[in-house]
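[1] sequence first, then the predicted structure:
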Amino acid sequence: MEEPEVFLQQHKDKRLVLDEIHRLQNPSEILKIAADHYSGIKILATGSSTLGASAKFRDTLTGRKEEIWLTPLISDDLICFGNTRLDHRFQRGGLPPFFLSGHYPGKDYQEWFDALWAKDIQELFSLERRFSFLRFAELLYANSGGLFEASKYAAPCEVSRTTISNYLSVLEATF
């Protein structure tokens with residue numbers, strides 16, 4: 001966005017959604033100007049990774065922002081979405097489009113994971129061996145709730161124990 005003030009002037013007293021705001025050259029600039037000079041504008045700024053966003057924010061937005069943490073569906077949400085069956089929730093996951101889908105959204109899961117790899121993982125961490133990382137994530141999800149032993153995942157993912165520990169750090173940083 002070349003001229004944030006011109007953009008904000010054109011959208012005075014409106015509600016704006018700026019998706020993936022961290023992709024802007026200076027994302028904090030537009031938010032700071034809006035908060036300080038255009039109080040009638042309400043902005044919902046989203047990003048797929050707080051890690052990626054925080055690296056691009058040069059100015060502090062203290063007192064100018066309110067963070068919202070969006071979680072997957074929880075038990076109370078199931079009533080609002082008209083389906084309280086836990087088996088459905090476990091099979092479809094907690095993201096509303098997957099949960100509400102009339103069919104098993106296998107292709108959609110793949111697209112979501114591909115986007116995660118391209119946007120969050122590659123841009124921020126430049127990992128190699130996509131197959132190994134995705135295999136690790138798949139095995140980790142399948143074995144969630146159990147004791148984590150990095151060496152247990154190394155052979156099926158065809159990488160070292162150290163790489164598995166690195167993959168875990170990447171997942172922790174992006175979720």
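    Perfect, thanks for sending it.

[2] going forward, measure contacts between C-alpha atoms and count neighbours the same way
    Will do.

[3] which stretches of the chain have low pLDDT?
    48-59, 175 (pLDDT under 70).

[4] can you show me the strands along it?
    Using DSSP state E, the strands found in the chain span residues 15-18, 42-45.

[5] how much space between the spatially closest residue to F81 that is not a sequence neighbour and L61?
    In space, F81 comes closest to L100 once its chain neighbours are excluded; the distance is 7.7 Å by Cα to Cα, 6 or more residues apart in numbering. Here the criterion is Cα to Cα, to the nearest Å. By it, L100 lies 36 Å from L61.

[6] which one's more surrounded, the two?
    Between L100 and L61, counted using other Cα atoms under 10 Å, the more crowded position is L100 (18 against 14).

[7] how is the chain partitioned into domains?
    Structural domains assigned to the chain are 4-56, 72-104, 114-175, following automatic domain parsing.

[8] E66 is nearest to which of these?
    The minimum distance between E66 and the domains of the chain falls on domain 4-56, with 9.6 Å, by Cα to Cα.

[9] distance check, D87 against F7.
    Counting by Cα to Cα, the gap from D87 to F7 is 47 Å.

[10] got a list of what the closest residue to A45 other than its chain neighbours touches?
    What sits nearest to A45 in space, not counting adjacent residues and going by Cα to Cα, 6+ apart, is L18, at 4.7 Å. For L18, the contact set (Cα atoms under 8 Å, 6 or more residues apart in numbering) comprises 43-46.

[11] in CSV: the domains of the chain, plus distance to E66.
    As requested, the domains of the chain are exported to CSV (distance: least, Cα to Cα, whole Å):
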stretch, distance to E66
domain 4-56, 10
domain 72-104, 20
domain 114-175, 19
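
[12] between those, which gets nearest to K65?
    Closest among the domains of the chain, using Cα to Cα: domain 4-56, at 8.2 Å.
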